[in-house]
Structures are given as structure tokens and as C-alpha cells.
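# Please find the sequence and the predicted model below.
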Amino acid sequence: MEHEKRLSDSVADTLLSMIVIDKKFKPGDKLPNENELSEQLGVSRTTLREAIRILAAGHVVEIQRGRGTFVCGDFQDADMESLSGLTARVGAEDLFEMRLIFEPEAAYYATLRATPAEMDKIIALGQRIEMLITQGRDRTVDEQEFHKAIARATHNEFMNRLMPVIYAAIDKGVALSETNKTAVEDTVSDHRMLMQFMAGRNAQGARYAMKIHMMHAMDSLGLHK
């Protein structure tokens, strides 16, 4: 029962992120039907129903009998919009320093708390990023998904709410590193080390691996003050 509750909380977090961060569903939009959404999220319908109930209790969605589940028409997340807009006025150096503060701890808690399915997704994304780098293809979207998956696996809603800021830092970092051979090589080796620690449930190792990854990026891009 405890695992089921934890999983439903995680699914609720994922759905909230799809509404607030990914903007897949807007106020008034209808969510996909139960079968489709449970398959998309890789969970049982029982778990999905519990996650929907959690969001309904928080006035994020409303369940309309005979019609389906809708994002509340008056749902707003103005604080997140304001925080997201802040990134337009912040330089790459400050964004990377924020990541250095934030992401090692996210990696630590994600390693401790990730469900098996969440861990599988993190590892798969990390492997895809390595493949894209070796093929010289753009990895921005996958980098965003990788770091978002780690943040979600912390099961800490405040971390999830910071993701628009993290996205901005990732976008700038990837753009800066595309022509920097050292930065690209560091990304591959650092991701391998991070995934090894996370897969082994070594939280302390994951924390240090993420810290090293951030410091390597800042060093190679000349972002230290």
C-alpha cells in the first residue's frame, strides 16, 4: 500500500508537470481517457485514478461525471510564469552556478527515491544522449528530459517547479558546448559515471558525479568567475 501511494504521488507530480511545465494541457482542456493515459504513463488504472484524485483535491483538475477529467478552467500558476521569465535576464554563468547548487542534491535524492520505472527512464535517456552526441545530433530536448526525469524522481514538488529555470540553463549549455570538443567529451564520460552510481543506488556517488559534471561544463566553457 505504501509503494502504491508513493507511485500515485509520483504520477500526480508527472501530470502536474505536464500541465505546468510542458504545457501539454491548458486550463479547460480534457485529459486523455483513462486507458490511453495509464498506458502513456506506464501505470495501472488504479494508480492513475488515485493520482487524478490527488490533483482534484488540489483544484488542479476536475472530474466531470460522464464527460471525463479536465484541467480546472481557473487553474493558474503565475508564480512559475514569473520565475520562468527571470531566465531571460540571467547570464549563462549564473544559470550554471544555480545548477551546481541544485542538481547534485537532486541526483542524490533521486537515487534514493526513484521507482524502478523512473530509474529505467533516467538510464535510457542518458544512453540516448550519449548516442546523439556520438552521432553529432542535437540533444537539447533529451537533455531536458534527462534532467527533468531526475528532478521528478526526487518526489519533491519544489524541485519540479524549478524546471523551467533548469531548462534555460541546459539550453544555453548545450548551445555553448556544441562546438567545444572538450565539453562534449566530458558530457559523455560524466553521464556514464552518473548513471553507474544511480543504477547502483549509490546516492553519495551520484551527488558527486553530478557536481563533477557541472564543474566540468563550467570549466570547459570558461564560466568561472
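Ah, there it is.
# so what's residue 166 up against?
99, 102, 103, 147, 148, 151 (C-beta atoms under 8 Å, 6 or more residues apart in numbering). Quick note: C-beta positions are derived from backbone N, CA and C, even for glycine.
# what's the distance between it and residue 102?
Distance of residue 166 to residue 102, given as C-beta to C-beta, to the nearest Å: 7 Å.
# Which single one of the contacts of residue 166 is nearest to residue 109?
Each of the contacts of residue 166 was scored against residue 109 by C-beta to C-beta, and residue 151 proved nearest at 9.4 Å.
# Quick check: chain neighbours aside, which residue is closest to the closest one?
residue 159 (4.7 Å; C-beta to C-beta, 6 or more residues apart in numbering).
# Select from the contacts of residue 166 the one having the most neighbours.
Within the contacts of residue 166, residue 151 tops the neighbour count with 26 neighbours, counted by other C-beta atoms under 10 Å.
# Isn't that one up against residue 109?
No: between residue 151 and residue 109 there is no contact under C-beta atoms under 8 Å: 9.4 Å.
# picking up where we left off before, could you measure from the residue nearest to residue 151 over to residue 210?
For residue 159, the distance to residue 210 - C-beta to C-beta - is 13 Å.
# go on, residue 14?
Noted for residue 14: a distance of 21 Å to residue 210, by C-beta to C-beta.
# now swap in residue 162 and tell me
Residue 162 sits 15 Å away from residue 210, going by C-beta to C-beta.
# name the element residue 8 belongs to?
Per DSSP states H and E, residue 8 falls inside helix 2-20.
# C-terminal to that helix, what's the next element?
Remark: after helix 2-20, the chain's next helix or strand is helix 34-41, criterion DSSP H and E.
# Could you list the residues in contact with that following helix?
Outside helix 34-41, the residues that touch it by C-beta under 8 Å, 6+ apart are 11, 14, 15, 31, 32, 44, 45, 47, 48, 49.
# cutoff 7 Å now
11, 14, 31, 32, 44, 45, 48 (C-beta atoms under 7 Å, 6 or more residues apart in numbering).
# Okay, angle between that helix and helix 2-20 too, please.
Relative orientation of helix 34-41 and helix 2-20, computed by axes from the mean of the first three to the mean of the last three C-alpha atoms, to 10 degrees: 90 degrees.
# For helix 34-41, list every residue counted as buried.
Neighbour-count burial for helix 34-41 flags 37, 38, 41 (criterion: 16 or more other C-beta atoms under 10 Å).
# picking that back up, I figured the residue nearest to residue 151 was touching residue 108, is that so?
No: the criterion here is C-beta atoms under 7 Å, and residue 159 misses it with residue 108 at 11.3 Å.
# Buried ones in the longest helix along the chain, by neighbour count?
Longest helix of the chain, by residue count under DSSP state H: helix 92-113. Buried residues in helix 92-113, counted by 16+ other C-beta under 10 Å: 92, 95-100, 102-104, 106-113.
# Run through the neighbouring helices and strands of it.
The contact analysis (3 or more C-beta pairs under 7 Å, 6 or more residues apart in numbering; DSSP states H and E) places helix 92-113 against helix 140-152, helix 163-177, helix 181-199, helix 203-220.
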